[in-house]
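**Q** dropping a prediction and its sequence here:
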Amino acid sequence: MGLNDLSIEKLRDLLKKKEISVMDIVRDIEAGIAQDDKHELPLNAYINFDINRIKKEAGDLIGNSGKIENTLLKGVPIAIKDLINVIHTPTTCGSNILKNYVSPYDATAITLLKKNGGVPSGKLNMDEFAMGSSNENSYFGAVRNPHDRSKIPGGSSGGPASAVAGNLAVAALGTDTGGSIRQPASMCGVFGIKPTYGRVSRYGLVAYASSFDQIGPITKTVMDGALLLEAVSGYDPKDSTSANVETPVFSDYVGKSIGDLTIGIPDEYFGEGLDDEVRTIVEQGISTLKEAGTGVKRIKLSYTKYAIATYYIIATAEASSNLARFDGIRYGTRYVKTEDLETLYKENRSIGFGDEVKRRILLGTFTLSSGYYDAYYLKAQKARTLIREDFTQAFDEVDIIVTPVSPIPAWDLGQMVDDPLQMYLSDIYTVPVNLAGLPAASVNCGKTSGGLPVGLQLIANHFNESDIFRTASVVEGKVG
Amino acid sequence: MNYETIIGLEIHVQLNTRSKTFCSCSTRYGERPNSHTCPVCLGLPGALPVLNEEVLRKGVTAGIALGCDIAENSVFAWKNYFYPDLPKAYQISQFEFPLNKNGYVLIEDENGREKKIDLTRAHLEEDAGKLIHDEVPKGPSKVDYNRCGVPLLEIVTEPDIRTPEEAYRFLSAVKEILQYTGVSECNMEKGELRVDVNISIRQEGEERFGVKQEIKNMNSFANVKRALEYEIKRQTKILRSGGVLSQETRLFNTNKNATVSMRAKEEAHDYRYFPDPDLVPVVIKSDFIDEIRQKLPELPEARRARFIARYGLTAYDSEILCSSYRIANYFEEACENFSNPKKIANWILSEVMRVLKEEKIEIDQCKVTPQMLRELFDLMEGGTISGKIAKEVFDNMVSTGKSAALIVEEKGLRQVSDRGEIDIVVNDVLIENEKVVSDYRAGKKSAFGYLVGQVMKKTEGKANPKLVNEMLKEKIEK
Ligand SMILES: [Zn+2]
C-alpha cells in the first residue's frame, strides 16, 4: 500500500508530524500510475504527469511559505482536470486543437490551492472541452472505470473520478457544467461536490458554458471534499460572477448531527427510466437519513421535464461562442498552410475539434441564429427561470433535496457513442441543479449486484454546502 | 423630379481611460506592438472580463452630455464574428439594453435655424486589435492587440440628417461635447473617432425610406462630407436613369474621392448577439448619476453664452474661443483677476492663434502659459511697456519661454516715462525738423504724426507714447 491510497486528512497528519515528505507522496503516485500503465486495460486517467514540474511546484511552495505546516493542505498533491489553467503546464482541455498549448498563468482556484498548501500534480483526462457523460470524447483516449475496466467512468470529469477511485491521485479538482463532477463521482464510488455557482472563481477555468461552469473537488472522503473546497473557495475580483460571501469552515460540519434537517424527495426524479437497482440503493440511502433523524417530505419540481432541452440549448449557445476563439491563429495547433483566411478557420476547426464538440457548436450556433433566437434561446431562458423558481419554492419546505445522480450505473465503453441523444438524457437528474446554480454533491450510497457504485445526490439551497457535508457524512458513515 | 436625402450616423469614439475596458492593461497609443496585453485582452482560454468603473463613469458622463436617458440596468452582449483582430471571436458590446438611450444634439442648419438631431443610443463596447498588412511586400499579415479592449462609445443617430453639411456640423458638435466633458480627446489621426454613415435617397413627399447604403470607417469629417456628396450624386443618377439600388456596404476611397462597394447585403454577418454570461448586468444607482451630473463641466453652448454675458465678447469671438475647450480654458485662466478681458480675448484671437498656426502646435504646447500672458498684460496696463513693445516681448516669450518681466529687463525695453528724458529728445527733434514744424503750424496736421515717430525712433520705441504726444503738442502749439 502506498501513500497514494490515503486521504487528504491522513496525509495532512503524516506531513504535519514530518513522518513523510510531499515528494514521498508524489513518488508513490508516480509509481501507481506507472503500474497502472502496465495493466492490460489502463485507466488512462492522466493527460500529463510531469514529475519535474510537480517537484518544482512543491519546492516553490515549501520555499515560499516556509510554513507549509501551517497551511490547510500541508503540501498534499492535488491532481487537476485538464480544463483548469496551471502555469507553465499544458492545458489541453482533452482536445486536439490545444494539444500543444501551455498556459502562461494560474487559474484563481490554483492560486488559492497553492496558497492553502496544495500542490498541483498532473493534469487529468476528460471529455473534450467537458462535453460528454462518458469520457469517451477525449482526444487522448477514453478513461476506464477502476471498478470494472470494461465500463465508462462517467464524464466529463472521468479522469478525476477514475484517478481518485483508482488511487492514482489523492484528490482532484474537477468541473461541473451539467453533472460533470457528480455523475463520474457516482459511477466511480467517490465523493464529488459542485459548489454554488459563484462560490469558486471561474477565472482560469476554460469556459464550456459560462453560466453553468463551476470547479469542485472529487475526493475519496466527504472530509477531503470539505477540506479541498475550503481551499479553493472565495471571492475573486477577477470573476464578475464570483460571489462576495464568507467561506465557511466546511470541515467543521462533517460528522455533525442532521436531526434538524428536513429532506425533500421529488417525485419527478423517481419516475420512468430509473434503473430498479439504482432506485433500491437510493431508497436505502433515504432510509439511512431518516434513521439519523431527518424529516422527510415529498416535493414537486414540476418543470424538471424541460431541464434537458433547456440545458442543451443554453449551454450549447454559450459554448458556440466560447469555443470560437480556437482558430489556430494565436495559439494551439495550426494544421493548414493557406493564404485564405476562411480556409484557415474551416480547416483548423474541422481537424482540431472532435465530433461531439462540433455537434454542440453547430447546435448552439443554430439556436442563436437570427430568426431562431426567440424560439430557442429566449424560451430556454424563460424555462430556466421557472426551473429555478421550482427549487426556490421547494427550499421553503425542505433543507436538502435527495435524488439519484444518474438513472443508470456505469455502462459499457462504446455502448452509447452512436446515440448522443440517449446520452444527453442520462443527465436528467444533474442538469436542473446547474440551471438553478445550486450546490449539489454525489456521495457513494452502495453498489449494484454487478459491483458498480451508485451515488446519492444531495442538493442544497444557494451557499448552503455546509448542510450537504453534514448529510453526506451520515451516508458515508453507513455505507463506509 | 426632386430627391430628398436621409442620413443617419454611427460614431465610434474612444473613451480616454487609462486602462482598458475589461482588464488593467494600459490604453497608451503608439507603443511597441502587443506590449500592452494580458490573458484577458488576448482572449486566452479561461480569462474573464471585469468592467473598469472609469469606463462606466465616462460612458454615463457622455450620456448625460448628449441628453440621453441613462439605463438603470444595461447589459453587455456578445457580438460574434471571426476575424484575426478579434481574439475571442466575439466583441463585448451592448445590444438590447444599451447604457444610454434617446439623446439629442442641437445644431444650426444651413438656413440658420436650430435643428435637433435625435440619438437612438450611445452604448459601450470594446475595440478590436489592428491588422498590419504588407509590412514586407507579400509577407505575412501581423496583428497588434494593444488596441484590443480599449473602450469605445458607439453613438447612433436617428435618420434625422438631411444634408452633408448638417452631418458635418453634427459631427463637429458631438466632438466638441465629448472633448468638453473630458471623455475623449477625439484625436482623429489616432483613430479615436471613426464614423459610419447610412444614406438613402427618396422622392420628395415619399413616406418610405429609400434603399440604404452604408459607408464604413471614415476618420475625417471632411471625408464624411465628401463621401456623402458623392453618394447623393451617384444614387440620384441611378434613380433618375430608372435604375434600382441594392443595399450595400461601401468604403470611401480618398484618392479617387469616391465610394466603392465592399459587400452586398446578402454577405452581411449574422452577429448572433446574446447576453454576456461572464458579466453581470450593469446596475446604475441614481446617486451615481447625480454625482456625475454635478461634476459635469460646462458644455460648449452654455460656455459661449457665458463668454458673451460675462466678458462682453462678441458672438463671433466667443464662438471661436469656445470651438476648442482648451483655448476657452486658456482664455479664462489668462483673464483671471484682469480688468480688461476683451483685450486678452483679442490678443488670443490674433497673436496666440497666429503662433499656433505658424508653429503647427496645440495651445497646451505653447510656451506662453495663460499666467505668463497675464503678466505681459500687467506690464502693459501698468505702463512698463507699450503695446508695440509688448508684441516684440510676446514673440520673444514664444521662442524662449522666458517671462515677460525678464525679457523687458534683459533687453532694456522698459518704457521711458521720465518727463526730463523725453523733453531732451523732443527738443532735439524740433530743432532737427524745423520745416515740418512750420508745415504743421501752417495747417498740415498730419505732420504731427511724423514728429511723434521721430521721437519714438530716437528712443527705440521705449518712450511713453502718451507723454510724447502730450509734450510735443504743448511745445509746438505754444
Ligand atoms: Zn489586457
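**A** Looks like it arrived, so ask away. Numbers count the residues shown, from 1 in each chain, chains lettered A, B, ... in the order given.
**Q** from the centroid of chain A, which residue is nearest?
**A** Among the residues of chain A, the one closest to the centroid is A:Ile181, at 2.5 Å (Cα atoms, centre = their mean).
**Q** that's a helix at A:Val402, yeah?
**A** No: going by DSSP: H, G, I helix; E, B strand; the rest coil, the assignment for A:Val402 is strand, not a helix.
**Q** so what's the residue count around A:Asp418?
**A** Look at A:Asp418: counted by other Cβ atoms under 10 Å in any protein chain shown, it has 8 neighbours. For the C-beta atoms, the positions are set from N, CA and C on the backbone; glycine is no exception.
**Q** repeat that for B:Glu165.
**A** 15.
**Q** phi, psi for residue 287 please.
**A** In the absence of a named chain, chain A is used. When read as degrees, to the nearest 10, the backbone of A:Ser287 gives phi -60, psi -40.
**Q** okay, it: pLDDT?
**A** Here the pLDDT value assigned to A:Ser287 is 98.
**Q** where do the helices sit along the stretch 351-478 of chain B?
**A** Counting by DSSP state H, counting those that start in this stretch, the stretch 351-478 of chain B has helices at residues B:353-359, B:370-381, B:387-400, B:404-411, B:419-432, B:434-441, B:447-458, B:465-476.
**Q** okay, those helices, which one's buried deepest?
**A** Mean neighbour count (mean count of other Cβ atoms under 10 Å in any protein chain shown) peaks for helix B:370-381 among the helices of the stretch 351-478 of chain B, with a mean of 19.
**Q** now do that helix: everything it contacts.
**A** For helix B:370-381, contacts defined as Cβ atoms under 8 Å, 6 or more residues apart in numbering or on different chains pick out B:330-340, B:343-344, B:347-348, B:352, B:368, B:385-387, B:390, B:393-394, B:397, B:403-405, B:408.
**Q** give me the buried entries from those residues.
**A** The neighbour count (16 or more other Cβ atoms under 10 Å in any protein chain shown) marks B:330-332, B:334-335, B:344, B:347-348, B:352, B:368, B:385-386, B:390, B:393-394, B:397, B:403-405, B:408 as buried among those.
**Q** what's the neighbour count on the residue in the stretch 151-300 of chain A positioned nearest to the ion?
**A** Across the stretch 151-300 of chain A, the shortest distance to the ion (Cβ to the ion) belongs to A:Lys238, at 11.7 Å. A:Lys238 has 19 neighbours, counted by other Cβ under 10 Å.
**Q** could you find the closest non-adjacent residue to it?
**A** A:Tyr203 (4.3 Å; Cβ to Cβ, 6 or more residues apart in numbering or on different chains).
**Q** cool, and A:Thr71?
**A** Distances taken as Cβ to Cβ, 6+ apart put A:Gly117 closest to A:Thr71, at 2.8 Å, once the chain neighbours are dropped.
**Q** returning to what we had before: closest to the ion out of the helices of the stretch 351-478 of chain B?
**A** Nearest of the helices of the stretch 351-478 of chain B (Cβ to the ion): helix B:353-359, 36.7 Å.
**Q** which residues outside the closest one are in contact with it?
**A** Here helix B:353-359 makes contact (Cβ under 8 Å, 6+ apart) with B:Ile361, B:Glu362, B:Ile363, B:Cys366, B:Val368, B:Val398.
**Q** show me the contacts for the first one.
**A** In this case it means B:Ile361. By Cβ under 8 Å, 6+ apart, the contact set of B:Ile361 is B:Val355.
**Q** show me where pLDDT drops low in the stretch 251-400 of chain B?
**A** When residues are selected by pLDDT under 70, none of them lie in the stretch 251-400 of chain B.
**Q** and the strands in it?
**A** Using DSSP state E, counting those that start in this stretch, the strands of the stretch 251-400 of chain B run over residues B:258-264, B:274-275, B:282-283.
**Q** run through the helices of the stretch 101-250 of chain A in chain order.
**A** A:108-115, A:158-165, A:182-188, A:222-232.
**Q** JSON lines for the ones you listed, including mean pLDDT and distance to the ion?
**A** Listed next are those as JSON lines, based on pLDDT from 0 to 100; distance: least, Cβ to the ion, whole Å:
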{"stretch": "helix A:108-115", "mean pLDDT": "97", "distance to the ion": "16"}
{"stretch": "helix A:158-165", "mean pLDDT": "98", "distance to the ion": "31"}
{"stretch": "helix A:182-188", "mean pLDDT": "98", "distance to the ion": "35"}
{"stretch": "helix A:222-232", "mean pLDDT": "98", "distance to the ion": "25"}
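**Q** which one, of those, ends up nearest to chain B?
**A** Closest approach to chain B among the helices of the stretch 101-250 of chain A is made by helix A:108-115 (9.3 Å; Cβ to the nearest Cβ).
**Q** hmm, who's touching the closest one?
**A** Counting by Cβ under 8 Å, 6+ apart, A:57, A:61, A:71, A:73, A:78, A:80, A:84-87, A:106, A:120, A:173, A:200-201, A:203-205, A:215, A:231-234, A:236, A:238-239 sit against helix A:108-115.
**Q** quick one: that helix to helix A:222-232, angle?
**A** Helix A:108-115 runs at 110 degrees relative to helix A:222-232, counting by axes from the mean of the first three to the mean of the last three Cα atoms, to 10 degrees.
**Q** so A:Tyr269 sits against A:Thr403, correct?
**A** Yes: contact criterion Cβ atoms under 8 Å: A:Tyr269 and A:Thr403 qualify, at 4.0 Å.
**Q** the two - which one has more neighbours?
**A** Taking neighbours as other Cβ under 10 Å, A:Tyr269 and A:Thr403 compare with A:Thr403 leading, 25 against 21.
**Q** which ones are touching the more buried one?
**A** So A:Thr403 contacts A:Ile265, A:Pro266, A:Tyr269, A:Phe270, A:Val282, A:Tyr429, A:Leu456, A:Gln457, A:Ile459 (Cβ under 8 Å, 6+ apart).
**Q** find the closest residue to the ion in the stretch 201-350 of chain B.
**A** B:Asp278 (14.7 Å).
**Q** oh sorry, the question was meant for the stretch 51-200 of chain A
**A** A:Tyr105 (11.9 Å).
**Q** now that residue: how far from chain B?
**A** 5 Å (Cβ to the nearest Cβ, to the nearest Å).
**Q** can you list the residue ranges for helices in the stretch 351-480 of chain A?
**A** For the stretch 351-480 of chain A, applying DSSP H, counting those that start in this stretch gives helices covering A:355-368, A:379-397, A:420-425, A:431-436, A:465-479.
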